[in-house]
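# When you get a sec, could you give me coordinates for this:
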Amino acid sequence: MSKQRIAACAAIVLMLCVFPASGAGGKFEYRPLVLNVDEGPRFTVCYTEPLMFRHNLTGEQIAAVLPGFEGFAAIKTATASYETDSWLNKVQVEIERPDKPNFRTNITLAKDAVRSTERYQRSLFDTLYWEAKGFTISDVHGIPVVAECVDDATSGGTYEYDTNNRIELYKFTATFPLNGIIYNITLYDDPSSIEYNECLEMLVNEIILTSVRDGMTADLSVLDNPEVPELRDERLSLEQAYADPDFGAYIPKSFPEGLAVDYAWRFISQTRNSLSIYGKPNGINIGVWTILEPTEYHFANLVSLEEREKYDVSLYPAPGWAFTVPDEFWQVFQFPIFRAEDMSLDTVMTRVHEGNVQGFGVFIDDAVVEICSYFVTPEQAWEMLEPVIAR
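Here you go, the predicted model:
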């Protein structure tokens with residue numbers, strides 16, 4: 001046994017002063033997790049998910065979906081995510097770690113059921129896949145658990161727990177099926193040991209013990225038949241976009257030569273309401289003009305002309321803005337929002353780098369117009385903006 005493992009095991013005594021002591025005693029003692037360290041290439045299967053909507057869980061739903069959690073974890077948020085046909089995609093839970101309150105741990109619950117459509121396919125928990133990778137599968141009270149410490153550069157990374165302080169941490173995960181549900185736990189911790197993580201082991205054991213010892217099982221059926229909010233995700237012709245009752249009036253009547261604008265995209269979710277115009281500057285299909293309902297992000301990034309340090313590209317050497325723009329201005333500098341009365345070609349020029357416009361937005365009435373394409377010149381941006389502002 002390594003020194004790290006011995007030290008970690010000795011720390012369990014101290015851990016029990018922080019975590020619940022329900023793992024102690026007889027056949028229900030905590031079972032150890034074998035943490036697999038995968039240093040090889042990692043591949044991620046990418047797919048386009050159908051549009052999803054989300055609902056925060058009520059107190060009654062939390063009690064049904066997360067029985068017994070209050071005994072070993074402080075739940076910060078619990079959200080159910082759905083696909084457009086009201087299929088429950090997953091439940092996302094964020095808990096506060098009792099040993100490190102500034103750190104958060106994420107737990108997801110998904111149905112262990114085949115889900116195949118034209119655009120989406122769910123993968124079941126498959127022990128053969130992990131065994132083929134040479135992983136050791138832990139047996140926790142009869143439940144197979146795949147636990148892993150990820151320490152490669154692409155999947156580990158930096159965990160930011162304070163806006164002015166970044167520390168390097170390892171990513172620890174555990175995945176297991178239980179009563180028709182696949183649980184996945186993800187947390188970050190310092191790299192003092194990659195062979196043992198007491199918080200991960202505690203959570204896996206307590207979730208499983210809630211079922212095998214206490215007889216409490218998660219009931220996802222309480223999340224069936226959700227209230228479906230207004231949703232849109234569709235391609236429109238320019239004629240249809242001009243006729244949009246919310247945003248059609250904010251589309252330029254004509255576009256500069258070279259943008260080759262030919263269609264729009266209407267999108268409505270619980271967090272975004274937008275209409276985007278797509279063109280092909282330099283032959284590349286990209287959004288060149290977006291109108292949307294303002295969010296807290298836009299209000300937070302609102303600037304006045306006197307605050308040049310927050311938006312003027314010429315004030316900072318480029319490349320290297322991430323190192324030269326002060327931290328307190330960084331979010332705003334990336335995408336400042338101007339008032340319509342402050343706009344002119346000179347204002348647009350403050351966002352120009354090497355002849356192309358960096359992203360910015362403009363409050364016009366009760367909407368925000370965003371110009372996000374680096375393929376738009378300042379003259380083109382102002383040619384589109386000026387008549388919309390003056391209409």
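
# Let me see the contact set for residue 364.
250, 340, 388, 389 (C-beta atoms under 8 Å, 6 or more residues apart in numbering). Where C-beta positions appear, they are placed from N, C-alpha and C, glycine not excepted.

# how close does the residue nearest to the first one when sequence neighbours are not counted get to residue 359?
Taking C-beta to C-beta, 6 or more residues apart in numbering, and ignoring the residues beside it in sequence, residue 250 has residue 291 as its nearest neighbour in space, at 4.4 Å. As defined by C-beta to C-beta, to the nearest Å, residue 291 lies at a distance of 15 Å from residue 359.

# ok so, going back, widest-spaced pair of the contacts of residue 364?
250 and 340 (10.8 Å; C-beta to C-beta).

# my guess is residue 389 is in a helix, correct?
Yes: with DSSP: H, G, I helix; E, B strand; the rest coil as the criterion, residue 389 is assigned to a helix.

# hang on, it packs against residue 362?
Yes: if you go by C-beta atoms under 8 Å, residue 389 and residue 362 touch, sitting 7.3 Å apart.

# end to end, how far does stretch 312-323 reach?
15 Å (C-alpha to C-alpha, to the nearest Å).

# ok so, going back, residues near the residue nearest to residue 250, how many?
Counted with other C-beta atoms under 10 Å, the neighbours of residue 291 add up to 25.

# Next: residue 86.
Neighbours around residue 86, by other C-beta under 10 Å: 13.

# In what element of secondary structure is it found?
Counting by DSSP states H and E, no helix or strand carries residue 86.

# ok, for it, nearest residue in space, not its chain neighbours?
Excluding the flanking residues, the one nearest residue 86 by C-beta to C-beta, 6+ apart is residue 226, at 5.8 Å.

# In three-state terms, label the one you found for me.
Secondary structure state of residue 226, per three-state DSSP, is coil.

# which residue ranges form the strands in the stretch 151-300 of the chain?
Remark: strands assigned in the stretch 151-300 of the chain by DSSP state E, counting those that start in this stretch are 158-162, 165-168, 170-178, 181-189, 232-236, 263-268, 273-279, 286-292.

# Export these as a markdown table, with columns for distance to residue 351 and mean pLDDT.
A markdown table is the format used below for the strands of the stretch 151-300 of the chain (distance: least, C-beta to C-beta, whole Å; pLDDT from 0 to 100):
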| stretch | distance to residue 351 | mean pLDDT |
| --- | --- | --- |
| strand 158-162 | 27 | 45 |
| strand 165-168 | 28 | 58 |
| strand 170-178 | 37 | 92 |
| strand 181-189 | 36 | 93 |
| strand 232-236 | 28 | 92 |
| strand 263-268 | 24 | 94 |
| strand 273-279 | 19 | 92 |
| strand 286-292 | 15 | 88 |
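
# And the ones you listed: which comes nearest residue 311?
Of all the strands of the stretch 151-300 of the chain, it is strand 286-292 that lies closest to residue 311, at 18.5 Å by C-beta to C-beta.

# centre of the chain versus that closest one, how much separation?
22 Å (C-alpha atoms, centre = their mean, to the nearest Å).

# Quick one: list the elements packing against it.
strand 273-279, strand 367-371 (3 or more C-beta pairs under 8 Å, 6 or more residues apart in numbering; DSSP states H and E).

# Compare residue 250 and residue 340 (neighbour count), which wins?
Per other C-beta under 10 Å, whichever of residue 250 and residue 340 has more neighbours is residue 250, with 22 against 14.

# my guess is the more buried one meets residue 292, correct?
No: counting by C-beta under 8 Å, residue 250 does not reach residue 292; the two are 9.6 Å apart.

# Specify the beta-bridge partners of the residue nearest to residue 250.
Beta-bridge pairing for residue 291 (DSSP bridges): residue 275, residue 369.

# what's the distance between it and residue 276?
8 Å.
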